[in-house]
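*Asks:* Structure here, sequence nowhere to be found:
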């Protein structure tokens, strides 16, 4: 039987707290869920929650050293000048 410890437990927060943490509105967060642009989330029935560790991981992917760095592609986006996925 696996042993549970605090590092394996989900650290769930509601969408309102996730939005505050990300500095966006709850409406923006809802749009990101629709498009897959934001951090991963959990949905059980009608309840939506975010694991704060996944928010931290998602934020880490947004770090840039300069404005000339390419922005990361969001899920479902394609590189400029390309239509469709990789060939």
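*Replies:* Cool, the structure landed. The structure presented is a predicted model; accordingly, all values stated were derived computationally and were not measured.
*Asks:* Touching the longest strand seen in the chain from outside, list them.
*Replies:* Longest strand in the chain, counting residues (DSSP state E): strand 47-51. For strand 47-51, the external contacting residues (Cβ atoms under 8 Å, 6 or more residues apart in numbering) are 10-15, 17-18, 33, 39-42. Every C-beta, even on glycine, is put in place using the N, C-alpha and C of the backbone.
*Asks:* again with stretch 52-63
*Replies:* For stretch 52-63, using Cβ under 8 Å, 6+ apart, the contacting residues are 11-13, 18, 21-22, 38-41, 72.
*Asks:* Just the buried residues of those.
*Replies:* Using 16 or more other Cβ atoms under 10 Å as the burial test, the contacts of stretch 52-63 include 13, 18, 22, 38-39, 41 as buried.
*Asks:* Give me the nearest residue to the residue nearest to the spatial centre of the chain, chain neighbours excluded.
*Replies:* Residue closest to the average C-alpha location in the chain (Cα atoms, centre = their mean): residue 39, at 0.7 Å. Counting by Cβ to Cβ, 6 or more residues apart in numbering, residue 58 is the residue found nearest to residue 39 once chain neighbours are left out, at 3.6 Å.
*Asks:* just the strands in this protein please.
*Replies:* Listed in chain order, the strands of the chain (DSSP E) span 12-13, 42-44, 47-51.
*Asks:* if we can go back for a sec, distance to residue 54 and pLDDT added to the contacts of strand 47-51, as CSV?
*Replies:* Output for the contacts of strand 47-51, formatted as CSV (distance: Cβ to Cβ, whole Å; pLDDT from 0 to 100):
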residue, distance to residue 54, pLDDT
10, 9, 86
11, 9, 91
12, 10, 95
13, 10, 96
14, 14, 97
15, 13, 97
17, 13, 97
18, 10, 97
33, 13, 96
39, 5, 97
40, 5, 96
41, 8, 97
42, 9, 96
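*Asks:* Give the residue spans of the protein that score low on pLDDT.
*Replies:* In the prediction, the chain carries residues with pLDDT under 70 at positions 1-7, 71-87.
*Asks:* repeat that for 80
*Replies:* Low-confidence segments of the chain, defined by pLDDT under 80, are located at 1-8, 69-87.
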